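>>> got a predicted structure plus its sequence, pasted below:
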Amino acid sequence: MNCCRSQLCEGTNRFFSRWSKRYAKDFRKKGPDKIQTMILRGVGSDGSSNMTGKNN
């Protein structure tokens, strides 16, 4: 849902729509970038297999 009706918001939405499509295409083709890979390794290194956020 988009509640912003100004021309500035329309231009911003258009920019980010194009950017996100390009980013998604690159991500599917190349996978996560260096920073994302480091974050994923750090998250996975805590020994936790439960990613729901619930503590058991």
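Structure received. It should be emphasised that the depicted structure is a prediction, and the values quoted were computed from it without experimental measurement.

>>> so where's this structure uncertain?
For the chain, applying pLDDT under 70 flags the ranges 1-8, 46-56.

>>> that one: helices as residue ranges?
Secondary structure of the chain by DSSP state H: the helices cover 7-30, 34-44.

>>> between the longest one and helix 34-44, how many degrees?
Meaning helix 7-30. Helix 7-30 runs at 70 degrees relative to helix 34-44, counting by axes from the mean of the first three to the mean of the last three C-alpha atoms, to 10 degrees.

>>> buried sites along helix 7-30?
Judged by neighbour count using 16 or more other C-beta atoms under 10 Å, helix 7-30 contains no buried positions. (Each C-beta comes from the backbone N, C-alpha and C, glycine too.)

>>> contacting residues for Pro32?
Applying C-beta atoms under 8 Å, 6 or more residues apart in numbering to Pro32 gives the contacts Leu40.

>>> look up how far Gly44 lies from it.
As defined by C-beta to C-beta, to the nearest Å, Pro32 lies at a distance of 12 Å from Gly44.

>>> now Arg18
Note on Arg18: its distance to Gly44, by C-beta to C-beta, is 32 Å.

>>> ditto for Ser17
32 Å.

>>> ditto for Arg14
With distances taken as C-beta to C-beta, Arg14 is found 36 Å from Gly44.

>>> check Tyr23 too.
23 Å.

>>> likewise Thr37?
Thr37 is 11 Å from Gly44, by C-beta to C-beta.

>>> what's the answer for Arg28, then?
Arg28 is 21 Å from Gly44, where distance means C-beta to C-beta.
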